[in-house]
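S.K.: I would like to see how this sequence folds:
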Amino acid sequence: MSEVTKTLVYVGLAVVCVIASVVVVQSHSVSFSDDTINDQGELFFPRFTDPLEAARLEIIKWDEATGERRDFEVRKDAEGKWTIPSRYNYPTDLTNQLAEAATSIVGLVKEQVQPSGFADRALYKVIDPREAKPGDTGVGMFVRMSDQSNNTLAEFIIGETFPESPEMRYVVVPGVDRVYVARVDVSKLSTNFKDWINKDLLKLDTNNIDHIQLLDYSLDLEQRRFVGGDVMHLTYDPRAEEGQRWNLKDLTSGKQLDQKKLDSMLEAFDALEIVDVRPKPESLGRFLGGQEGLQLSQQLAEGLAARGYYLMPVGNGAVDLRSKQGEVVISMKNGVEYQLRFGEKTQDLGSDTSEAEGSAAADSRYLLIAARFNEDLLEKPEYVELPEEPGALGEEAKEDPTKSLYSIQSLEKIREQGLKSAADFKAAREEAEGQNARIRERYERRKEAGQKAAQELNDRFSGWFYIINDELFDRIHLQRSDIVADASQEQGEKPATGEEAGDTTAPTESPAPAEEPAPAEQP
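M.R.: Residues are numbered from 1 along each chain as shown. Here you go, the predicted model:
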């Protein structure tokens with residue numbers, strides 16, 4: 001065989017080997033299109049660069065157990081206020097939550113492309129919940145973020161956790177037949193109502209409580225009247241020694257307060273959180289806020305009764321709202337008074353308490369809150385004593401204790417006050433009047449601040465029935481027998497009941513409590 005022939009044979013064998021190797025490689029690999037290769041590593045939403053553009057977030061989940069979809073939405077309205085349309089347009093002041101959610105989507109990268117493609121959507125749990133039907137499995141979570149004009153900024157479906165990296169998820173973009181893997185922080189995309197609101201319901205500083213009234217009364221619903229009642233007036237001093245901070249106005253000799261239970265009540269005020277909400281009729285909100293009278297209707301009365309509230313006459317043709325579970329009035333040193341009316345348990349109502357994640361549980365209860373300003377709670381100003389002038393006191397001076405309108409008539413009287421001349425007296429008087437003016441100004445500022453705080457609280461409370469945890473209700477809803485015991489009894493023991501506890505509750509046949517509960521007064 002010549003050298004040329006050998007060379008041609010070797011070349012032919014090499015070509016055959018190359019072809020065979022290509023066939024083998026192709027039989028064990030996935031064919032990617034150029035578009036797919038270029039797609040990997042790119043941003044999902046390259047035009048979405050500014051998180052502040054986001055004005056609406058929609059999330060849809062699928063409940064495989066019930067075969068129902070769960071919708072959640074947060075949006076900014078035309079006035080710039082953030083609300084939760086999926087929860088009766090309840091306002092949210094946690095706008096940073098949406099900014100964090102938007103930031104987590106801006107810069108979202110297509111880390112990998114799954115080679116098995118779109119056919120395995122159920123395996124990756126990225127089926128669109130908007131298209132799911134009862135019995136479907138493998139359904140993902142739909143997320144859409146849009147701007148103020150409702151233009152879509154980002155839209156995708158989040159699926160199962162990527163097994164090789166727990167912080168990554170399978171992701172699908174509607175209309176694109178590919179399954180990606182991306183680093184998605186689902187904690188920023190919560191559909192839990194409580195994650196989007198300020199859960200601190202009362203926003204009160206327990207150290208600034210002046211006193212608390214526990215109003216324990218019963219209602220005769222057929223006769224629409226009170227049938228007995230007990231008003232417990234408790235004062236609280238946070239500066240006192242432990243075990244001596246609480247006092248009961250009418251505590252009888254030989255009795256003591258269960259300070260631990262009262263401390264637990266105080267902690268419950270601070271821990272009181274919103275579990276869920278239901279909208280309140282507008283007229284009822286304005287009535288409880290002291291803005292106008294109540295327009296009565298059968299529908300209103302029935303709706304209130306279903307939640308444990310009743311409209312009761314209070315004289316002169318007026319009505320007030322009473323709770324079947326009594327009331328609590330918390331009086332603050334800044335002049336704000338909270339009025340808490342506890343209603344029925346939500347589980348007794350057969351309402352829509354399970355319609356969304358984070359909604360009311362079976363062990364929860366309705367609560368109505370109103371706020372009012374009471375100037376008598378403010379510490380009264382102590383004015384500087386004015387230098388005494390001889391002569392008669394004018395009428396204007398009587399109306400304003402910060403000023404002195406005596407006429408200067410006696411130099412001898414001036415000298416008796418340690419002042420050498422009328423000029424000295426005038427300067428001393430002006431200085432004292434200036435101090436008193438500043439004292440009055442500080443008082444007026446405290447008064448205005450208290451009025452503003454009460455108004456802001458009423459604006460917050462006026463539209464809603466709140467739903468709270470029933471365990472906290474049990475710690476707040478105390479009767480006299482719960483907190484009064486024999487002086488020899490250890491703290492925390494079961495207290496005495498009835499007359500042994502100094503119970504002043506009026507007999508059940510009495511038409512009204514001995515002391516009319518404070519809520520009869522309009523907030």
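S.K.: burial of Glu68, as a residue count?
M.R.: Summarising burial for Glu68: neighbours were counted as other CB atoms under 10 Å, giving 12. Heads up, the C-betas are built off the backbone N, CA and C, glycines and all.
S.K.: for it, what are its contacts?
M.R.: Applying CB atoms under 8 Å, 6 or more residues apart in numbering to Glu68 gives the contacts 62, 134.
S.K.: swap in Pro238?
M.R.: Applying CB under 8 Å, 6+ apart, the residues contacting Pro238 are 206-207, 209, 245.
S.K.: Which helix or which strand is home to it?
M.R.: Counting by DSSP states H and E, Pro238 is held by no secondary-structure element, helix or strand.
S.K.: what sits against Leu234?
M.R.: Contact analysis of Leu234 by CB under 8 Å, 6+ apart lists 211-214, 246-249, 262.
S.K.: where's Glu456, which helix or strand?
M.R.: Assigned by DSSP H and E, Glu456 belongs to helix 422-461.
S.K.: buried sites along the following helix or strand past that helix?
M.R.: Using DSSP H and E, the next helix or strand after helix 422-461 towards the C-terminus is strand 464-469. Neighbour counts using 16 or more other CB atoms under 10 Å place 464-469 of strand 464-469 among the buried residues.
S.K.: Which secondary structure elements does the next helix or strand after strand 464-469 sit against?
M.R.: With elements assigned by DSSP H and E, the helix or strand that comes after strand 464-469 is helix 470-476. Here helix 470-476 touches helix 259-271, strand 336-345, strand 364-373, going by 3 or more CB pairs under 8 Å, 6 or more residues apart in numbering; DSSP states H and E.
S.K.: if we go to 6 Å?
M.R.: In terms of contacts (3 or more CB pairs under 6 Å, 6 or more residues apart in numbering; DSSP states H and E), helix 470-476 is packed against helix 259-271, strand 364-373.
S.K.: for the record, mean pLDDT for the longest one?
M.R.: Looking back up the chat, that one is helix 259-271. When the per-residue pLDDT values of helix 259-271 are averaged, the result is 94.
S.K.: now the last one
M.R.: On average, the pLDDT along strand 364-373 is 93.
S.K.: which outside residues touch it?
M.R.: 275, 288, 307, 335-343, 345-346, 450-451, 454, 457-458, 461, 465-470, 473, 523 (CB atoms under 6 Å, 6 or more residues apart in numbering).
S.K.: Please repeat the previous calculation with a cut-off of 7 Å.
M.R.: 275, 288-290, 307-309, 335-346, 450-451, 454, 457-458, 461, 465-470, 473, 523 (CB atoms under 7 Å, 6 or more residues apart in numbering).
S.K.: The longest one now?
M.R.: Judged by CB under 7 Å, 6+ apart, the contacts made with helix 259-271 from elsewhere in the structure are 202, 204, 206, 234, 243, 245-246, 330, 472, 475-476, 478, 482-483, 491-492.
S.K.: From these, which land in strands?
M.R.: Within those, residues falling in strands by DSSP state E are 234, 246, 330.
S.K.: In ChimeraX, how would I select just the buried ones from the contacts of Leu234?
M.R.: Selection command for ChimeraX covering only the buried members of the contacts of Leu234, criterion 16+ other CB under 10 Å:
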select :211,212,213,214,246,248,262
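S.K.: which of the contacts of Leu234 lies closest to Pro313?
M.R.: Looking at the contacts of Leu234 and their distance to Pro313, the nearest is Gln213, at 21.6 Å (CB to CB).
S.K.: Outline the domain layout of the protein.
M.R.: Under automatic domain parsing, the residue ranges defining each domain of the chain are 36-196, 206-378+460-520, 395-450.
S.K.: out of these, nearest to Leu386?
M.R.: In this view, the domains of the chain are compared for proximity to Leu386 by CB to CB, and domain 395-450 is the closest at 4.3 Å.
S.K.: could you point out where the stretch 401-523 of the chain is predicted with low confidence?
M.R.: Low-confidence regions of the stretch 401-523 of the chain, defined by pLDDT under 70, span residues 401-425, 489-523.
S.K.: tell me the contacts of Trp62?
M.R.: For Trp62, the residues meeting the contact criterion (CB under 7 Å, 6+ apart) are 69, 129, 132, 139.
S.K.: Let's see that with 8 Å instead.
M.R.: Contacts here follow CB under 8 Å, 6+ apart; on that basis Trp62 touches 68-70, 129, 132, 136, 139-141.
S.K.: Mind giving me the ChimeraX command for buried ones among these?
M.R.: To isolate the buried subset of those in ChimeraX, counting by 16+ other CB under 10 Å, use the following:
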select :70,129,132,139,140,141
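S.K.: Mind picking the one among the contacts of Trp62 that's closest to Leu321?
M.R.: Once CB to CB is applied, the member of the contacts of Trp62 that ends up nearest Leu321 is Arg70, at 33.7 Å.
S.K.: does the closest one have beta-bridge partners, and which?
M.R.: Lys61 (DSSP bridges).
S.K.: what does the one 4 residues further on give?
M.R.: In this entry, Val74 is beta-bridged to Leu57, by DSSP bridges.
S.K.: So it versus Phe193, what's the distance?
M.R.: Counting by CB to CB, to the nearest Å, the gap from Val74 to Phe193 is 10 Å.
S.K.: And for Arg183?
M.R.: Shown here: Arg183 relative to Phe193, a distance of 27 Å by CB to CB.
S.K.: quick one: which of those two has more around it?
M.R.: More crowded of Arg183 and Phe193, by other CB under 10 Å: Phe193, with 23 against 15.
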